[in-house]
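**Student:** Provided below for reference: sequence and predicted model.
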Amino acid sequence: MLFASDITTVEFPKLGLGPWELERYVFQNLFNRLSVAWYGLIICCAMILACYVILRNARIREGFRRDSFVDYFLAAIPLSIVGARMMYVLTRLDLYDSFWDAFKIWEGGLAIYGGVIGGIIAVALVSYFKKDPFLKVMDAIVPGLILAQCIGRWGNFINGEAHGTVTELPWGMMINGEGPFHPTFLYESLLTLTGFILLQFVLYRRKKFDGTLLCGYLVWYGVGRAFIEGLRTDSLYFGPLRASQVIGVVSALAGAVLFFLLRAAAVKNLAPADDAPETDGEEESAGEAAETEQEMTEEGKEAPESASEEEAAEPDAATEEAKEELPEPPAPAKKKGKKKKKKSESAAEEKPAEETEEKPEEKPEEKPAEEAIEEKPEESAENTEGN
């Protein structure tokens, strides 16, 4: 690994920290062409960690598919780099002699707000073509974005840049023997770290409508950046105004207005839902009352019917008892003969053939006609005596 001779000396004399000699390059002129600066490596690490946080939020908190959300990275990262470079160039046209010098990004010159604006435009375009809700997508992105800003500011520390005016505060920072200056890179790093904690672990858990985290980011970072930018000595300008201060104030106001508009819309949408249970309850109670009335009327109808059925059943029972008490009428002779014949036939079938042949011979002896005639007068005589 080859190290460059460019070194930044940083010290916090009143805190007793330093001095530290910080090399600006990881390696320089590798193969006589390639150089990698610590600033670029820190930015890359910040992007990787931001992508992890964003993908996690998109999948777990917002319900997006991880592979479909990668499209936003493919569009937002290049366009954010273009936006950051474009904003820096447009506010420092005096530094560039030709049009092609604007493309020499390796010579430095990026503006964070230009990158944020470019990334938001890319997300808006992708969400439009993918038919995804823009505010929902931005809520998943802004925690990772503000975390990347927190990490990226330490690249300014390595380069000894983005510092503030001279200060007598205990944490004043000496850079290459000059100062002490306001460590504005540290201010902004602490600002964005606090913003990440608030967005990711506080505001996300209390989110009630899409766009909540986007509004929180715009307000938090906009107000904080407007104050910090007033301390810096290397600000970009729109005429007499500091560019980052103007954008910070405008974004904070826009975030506040957007929050109240989204909240009002959410309350308006929730109002019918809140009234719906009451109407449903009233309809349910009315339906229950109607059902109970129907049941009562049906019971009232069933009661007399059951009573009449019982009354009709009582005489039937009495008639049945009377029928049981009456003697059974004698069966007609023919039927008996038939029954006897059936019994004899069944018995004949059961008995062997020999018994069936002997059975007609065993007929009862018939009395002579004279004896029958004699018995009849005796019975008549007995009847006359009884009378």
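**Tutor:** Received it, and whenever you're ready, just let me know what you need. Numbers count the residues shown, from 1 in each chain.

**Student:** Check which helices and strands the helix or strand harbouring residue 27 is in contact with.
**Tutor:** Per DSSP states H and E, residue 27 falls inside strand 25-30. Contacts defined by 3 or more CB pairs under 8 Å, 6 or more residues apart in numbering; DSSP states H and E place strand 25-30 against strand 34-37, helix 38-56. In this view, the C-beta of every residue, glycine as well, is placed from N, C-alpha and C.

**Student:** Determine which of those approaches residue 187 most closely.
**Tutor:** helix 38-56 (17.6 Å; CB to CB).

**Student:** Show the average pLDDT along that closest one.
**Tutor:** Mean pLDDT, helix 38-56: 95.

**Student:** One more: stretch 197-214?
**Tutor:** Per-residue pLDDT values over stretch 197-214 give a mean of 96.

**Student:** hmm, who's touching it?
**Tutor:** Identification of contacts with stretch 197-214 by CB atoms under 8 Å, 6 or more residues apart in numbering yields 53, 57, 61, 133, 135-136, 138-139, 142-143, 146-147, 216-217, 220, 255, 258-259, 262-263, 265-266.

**Student:** 6 Å instead?
**Tutor:** For stretch 197-214, the external contacting residues (CB atoms under 6 Å, 6 or more residues apart in numbering) are 133, 135-136, 138-139, 142-143, 216, 262, 266.

**Student:** The strand holding residue 27 to helix 38-56, inter-axis angle?
**Tutor:** Strand 25-30 and helix 38-56 are oriented at 120 degrees to each other (axes from the mean of the first three to the mean of the last three CA atoms, to 10 degrees).

**Student:** So in that sheet, which strands flank strand 25-30, and in what orientation?
**Tutor:** strand 34-37 (antiparallel) (DSSP bridges).

**Student:** Can you give me the neighbour number for the closest residue to residue 55 other than its chain neighbours?
**Tutor:** Take residue 55 and drop its neighbours on the chain: the residue closest to it by CB to CB, 6 or more residues apart in numbering is residue 66, 5.6 Å away. Counted with other CB atoms under 10 Å, the neighbours of residue 66 add up to 10.

**Student:** Residue 103 now?
**Tutor:** 12.

**Student:** And for residue 63?
**Tutor:** Residues lying near residue 63 (other CB under 10 Å) number 9.

**Student:** Confirm that it sits in a strand.
**Tutor:** No. Under DSSP: H, G, I helix; E, B strand; the rest coil, residue 63 sits outside any strand and is assigned coil.

**Student:** so what's it up against?
**Tutor:** With contact set as CB under 6 Å, 6+ apart, residue 63 has no partners.

**Student:** Name the stretch among the helices and strands packed on strand 25-30 that sits most buried.
**Tutor:** Among the helices and strands packed on strand 25-30, ranked by average contacts under mean count of other CB atoms under 10 Å, first place goes to helix 38-56 (a mean of 17).

**Student:** and the least confident of the contacts of stretch 197-214?
**Tutor:** residue 266 (91).

**Student:** So residue 174, which state does it fall into?
**Tutor:** Per three-state DSSP, residue 174 ends up strand.

**Student:** hang on, it packs against residue 9?
**Tutor:** No. Judged on CB atoms under 6 Å, residue 174 makes no contact with residue 9 at a distance of 7.9 Å.

**Student:** okay, the two: which has more neighbours?
**Tutor:** Counted by other CB under 10 Å, residue 174 and residue 9 do not tie: residue 174 has more neighbours, with 18 against 15.

**Student:** Tell me what that one is bridged to.
**Tutor:** Residue 174 has these beta-bridge partners by DSSP bridges: residue 11.

**Student:** what's the burial count for residue 141?
**Tutor:** 25.

**Student:** hang on, isn't it packed against residue 53?
**Tutor:** No. Judged on CB under 6 Å, residue 141 makes no contact with residue 53 at a distance of 9.1 Å.

**Student:** Show me the common contact partners of those two, please.
**Tutor:** Overlap of the contact sets of residue 141 and residue 53 (by CB under 6 Å, 6+ apart) is empty.

**Student:** Tabulate the helices and strands packed on strand 25-30 (JSON lines), appending distance to residue 100.
**Tutor:** Below are these laid out as JSON lines (distance: least, CB to CB, whole Å):
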{"stretch": "strand 34-37", "distance to residue 100": "20"}
{"stretch": "helix 38-56", "distance to residue 100": "21"}
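
**Student:** Run through the strands of the chain in chain order.
**Tutor:** 7-12, 17-23, 25-30, 34-37, 173-175, 178-181, 237-238, 241-242 (DSSP state E).

**Student:** right, so these: which one is the most enclosed?
**Tutor:** Stretch with highest mean neighbour count among the strands of the chain: strand 173-175 (a mean of 21; mean count of other CB under 10 Å).

**Student:** tell me which strands and helices that one is in contact with?
**Tutor:** Judged by 3 or more CB pairs under 6 Å, 6 or more residues apart in numbering; DSSP states H and E, the packing partners of strand 173-175 are strand 178-181.

**Student:** List of residues touching the strand it packs on?
**Tutor:** 163-164, 172-174.

**Student:** Burial check on residue 61, number of neighbours?
**Tutor:** Residues lying near residue 61 (other CB under 10 Å) number 17.

**Student:** pLDDT value on it, please?
**Tutor:** 94.

**Student:** so how far is residue 199 from it?
**Tutor:** Residue 61 sits 11 Å away from residue 199, going by CB to CB, to the nearest Å.

**Student:** Residue 112 now?
**Tutor:** Noted for residue 112: a distance of 17 Å to residue 199, by CB to CB.

**Student:** Those two: which has the busier surroundings?
**Tutor:** When residue 112 and residue 199 are compared for neighbours, residue 199 comes out ahead with 26 against 22, by other CB under 10 Å.
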